[in-house]
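# Attaching a predicted model along with its sequence, questions to come.
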Amino acid sequence: MNDPTQQPVREVMTVTAKQMVTPHYLRIYLTGQRDTMANIATMTVGVNNKIAIPIDKRKPLNLNDPSSFVIRTYTHRGVDVENQQLWIDFVAHGDDAPASGWATHAQVGDELGVMMRPKSSALYPKADHLLLVGDATAIPVLGAILESLPSTAKAQCIIEVHGKEDEQHLSTQADVNMTWLHNPHPMQGSQLATVIKSLTLPNADQRRFAYIASEFSSVKAIRHYLRAELNWSKNEIYAFSYWKSGAAEDQSASDRRAEKDADE
């Protein structure tokens with residue numbers, strides 16, 4: 001349930017620092033109003049929200065002028081109210097994608113629009129065993145889930161990244177079987193569905209839940225496998241594609257939403 005004291009966030013924030021977490025993954029620190037940060041701190045880390053990326057960062061960002069920015073989906077990775085900081089992680093995969101290009105070239109003082117809906121509900125239900133699956137774009141949410149798991153939980157986590165150098169340490173108290181897959185060409189396909197089909201997964205006698213976030217084709221294949229072949233119920237799965245190969249986020253939004261809604 002959402003906190004009734006939460007307010008929507010719509011603010012232009014400023015870059016304070018930038019950290020290369022791995023060669024293809026970076027973290028941007030932003031500062032905003034203290035009240036905004038306190039508001040964000042009541043919201044679930046890992047939920048999807050929006051950023052407004054300035055088309056021309058030489059000009060002040062005006063959130064009332066949609067022609068001056070492009071909207072992309074993001075997951076905030078953390079917030080520090082005392083130091084008035086919010087941090088967001090980005091996959092660095094070249095300048096063609098607006099978010100990657102902006103983050104790669106971001107400098108202290110650059111502006112970014114942050115828009116969030118009030119939400120404090122959990123990312124997953126109580127379960128004895130979780131299946132966590134994603135590519136590099138899902139690391140923020142999967143990392144947030146892993147950090148929140150109790151020590152009594154068991155999980156299988158499979159994440160596909162560019163290469164060995166992009167593997168990260170993701171903190172958790174749970175009993176997690178962690179698998180990193182390497183794929184330097186994610187636009188050309190993924191191993192995720194094939195690997196999932198090779199796993200021994202919990203049966204229906206256990207409280208189980210799968211959180212899947214990746215490219216459109218992988219999510220569709222994994223959802224079909226769990227639902228149609230293993231008979232997992234729709235309440236045991238959250239699966240949503242963050243992107244579709246060959247299409248920009250705004251161009252593929254309807255396809256990605258339709259595929260998810262088809263299983264509702």
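Nice, I can see it. Being a predicted model, the structure only gives us computed values, none of them experimental. Numbering: from 1, shown residues only.
# any weak-confidence spans in the stretch 101-250 of the chain?
246-250 (pLDDT under 70).
# Quick one: the helices in it, in order.
For the stretch 101-250 of the chain, the helices defined by DSSP state H, counting those that start in this stretch occupy 139-148, 192-197, 216-224, 249-261.
# mind checking how far the residue of the chain positioned farthest from its centre is from T137?
The outermost residue of the chain relative to its centre, with distances by C-alpha atoms, centre = their mean, is D205 at 29.6 Å. The gap separating D205 from T137 is 33 Å, by C-beta to C-beta, to the nearest Å. From N, CA and C alone the C-beta is placed, and that goes for glycine too.
# Check M20 too.
Noted for M20: a distance of 17 Å to T137, by C-beta to C-beta.
# contacting residues around the residue nearest to M37 when sequence neighbours are not counted?
For M37, ignoring the flanking residues on the chain, the nearest one in space by C-beta to C-beta, 6 or more residues apart in numbering is V81 at 4.7 Å. V81 makes contacts with R34, M37, A38, A41, as judged by C-beta atoms under 8 Å, 6 or more residues apart in numbering.
# Neighbours of the third one, how many?
As a burial measure, the neighbour count of A38 was computed by other C-beta atoms under 10 Å and equals 13.
# Quick one: mean pLDDT over the strand or helix carrying it.
Using DSSP states H and E, A38 maps to helix 34-40. What helix 34-40 shows for mean pLDDT is 95.
# Quick check: can you name the pairing partners of the following helix or strand past it and their directions?
Toward the C-terminus, helix 34-40 is succeeded by strand 48-54 as the next helix or strand (DSSP H and E). Looking at strand 48-54 with DSSP bridges, its partner strands are strand 69-80 (antiparallel), strand 111-116 (antiparallel).
# Serialize those to a markdown table and add fields for mean neighbour count and distance to Q168.
Shown next, in a markdown table, are the strands paired with strand 48-54 (neighbours: other C-beta atoms under 10 Å; distance: least, C-beta to C-beta, whole Å):
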| stretch | mean neighbour count | distance to Q168 |
| --- | --- | --- |
| strand 69-80 | 19 | 12 |
| strand 111-116 | 21 | 23 |
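# Can you say which of the ones you listed is nearest to A228?
A228 sits nearest to strand 69-80 of all the strands paired with strand 48-54, at 27.6 Å, using C-beta to C-beta.
# quick check: angle from that closest one to helix 139-148?
Note on geometry: by axes from the mean of the first three to the mean of the last three C-alpha atoms, to 10 degrees, strand 69-80 and helix 139-148 are set 20 degrees apart in direction.
# just checking, I139 touches D89?
Yes. Counting by C-beta atoms under 8 Å, D89 is a contact partner of I139 at 6.7 Å.
# Need the overlap of contacts for these two.
With C-beta under 8 Å, 6+ apart as the test, I139 and D89 both reach Y25.
# Could you dump the strands paired with strand 48-54 into a markdown table and include distance to G143?
A markdown table is the format used below for these (distance: least, C-beta to C-beta, whole Å):
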| stretch | distance to G143 |
| --- | --- |
| strand 69-80 | 7 |
| strand 111-116 | 18 |
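# what about the residue farthest from the centre of the chain, distance to N231?
13 Å.
# Same check on I159?
Counting by C-beta to C-beta - I159 and N231 are separated by 26 Å.
# can you check G101 too?
43 Å.
# Between these two, tell me which one has more neighbours.
G101 (16 against 10).
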